[in-house]
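> Build me a model from this:
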Amino acid sequence: MPTLLTSPFLAAWRRQKAATRLFVAVAALGTLMGGLGFLAWQRFYPVTAADGWSYRVVLDGVPYVSALARDRQGLLYVSQELKNQRGSVFTLAADGARSLVLPGLSKPDGLAALGDGIVVAQEEGDHPVLWLHGGKAEALFPGRNVEGVAVDGRYLYAIEDRAGDGRLLRFDTSAKVLTVLRDDLSEGEGVAVCPDGQLFYTEKGKGWVKRWRPEGGDELVLGSLNAPGFLMCDDEGLWVTEDATHRARLLLLDHHGGSLQVILRHLRSAQTVLSLAPGRLLIAEQGRGRVLEVERSPRRRE
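You can find the predicted model right below:
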């Protein structure tokens, strides 16, 4: 007579238990592979452009590329957003030659043309906003984690990327006076001044873009964005990049119709946008270490 340890019921139970373990292991492996596949899809899925737009890579192999600006002569300045005084700014000539112009920076994350030079902001720590001109770097005013900068001729605007105590600043370049326009901002990243004088800024921590009003009560113009980063305003409208690791976008808020267009999708950590001409611009894609040229396609003749 079979004992309990050798009964067919026990053998069947053991087989069922082994099959269950195998099923669980296969299911876990499938979940893991599916998750890795999803992450790989997000990482390698190519950037896609909206109908009527195209893009091409104009600069590649630039780790931590972030800010872009052009001086009066049209020379392109590019920053590499490295920490601990390992960041730098270099120029890129028309033939592709690079020249280092300002080393030893801590996360240089904002560039803007000012007069005969370029303004440089540093996001990491307490560092002054610099004005690079005549081969020298002049300190303009002190800042704390200054990221985005913008210039309208007389004024230089800057925003601090801090968690809850960031500031929107305005510096009078003639009188050398610094004014705090807003405080208590959450991860302010982008600031832009439009040709008509309107001033916009982003709070990455809140996922929104606001229009600054002198009397207060700033207007919410865009919300529920995926880590809004940098802004640029021109005659076409307000350009917004999303500083997200995956599925970031380049957006255009039309001045005329007020419609929001998605110009590029599937970017990785999009940074500065720089206008070159109507319907033609550059965008720094930090997540892939490159700079893209984005252009509106010519209209077909009927």
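
> Name all residues that make contact with the most centrally placed residue in the chain.
The centroid of the chain falls nearest to Gln271 when counting by Cα atoms, centre = their mean (2.7 Å). By Cβ atoms under 8 Å, 6 or more residues apart in numbering, the contact list for Gln271 reads 65-67, 81, 109, 229-230, 241, 243, 283-286. Where C-beta positions appear, they are placed from N, C-alpha and C, glycine not excepted.

> Name the residues of the helix or strand hosting Arg249 that are buried.
For Arg249, the host element (DSSP states H and E) is strand 248-254. For strand 248-254, the neighbour count (16 or more other Cβ atoms under 10 Å) marks Ala248, Arg249, Leu250, Leu251, Leu252, Leu253 as buried.

> Let me see the contact set for the fourth one.
Contacts here follow Cβ under 8 Å, 6+ apart; on that basis Leu251 touches Leu222, Leu225, Trp239, Val240, Thr241, Glu242, Leu260, Gln261, Val262, Ile263.

> For the third one, give me the backbone phi and psi.
Phi and psi for Trp239, reported as degrees, to the nearest 10, are phi -100, psi 140.

> what mean pLDDT does the helix or strand encompassing Gly166 have?
Taking DSSP H and E as the definition, Gly166 sits inside strand 163-172. Confidence over strand 163-172 (mean pLDDT, whole number) is 97.

> Helices of the stretch 1-150 of the chain, start to end?
8-44 (DSSP state H, counting those that start in this stretch).

> related to what we said a few turns ago, save the contacts of Gln271 as CSV, and put in distance to Asp183, neighbour count and pLDDT too.
Shown next, in CSV, are the contacts of Gln271 (distance: Cβ to Cβ, whole Å; neighbours: other Cβ atoms under 10 Å; pLDDT from 0 to 100):
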residue, distance to Asp183, neighbour count, pLDDT
Val65, 30, 24, 98
Ser66, 25, 27, 98
Ala67, 24, 28, 98
Glu81, 25, 26, 98
Asp109, 20, 29, 95
Gly229, 20, 28, 96
Phe230, 21, 29, 97
Thr241, 24, 30, 98
Asp243, 22, 25, 97
Ile283, 30, 25, 98
Ala284, 28, 28, 98
Glu285, 32, 25, 98
Gln286, 28, 26, 98
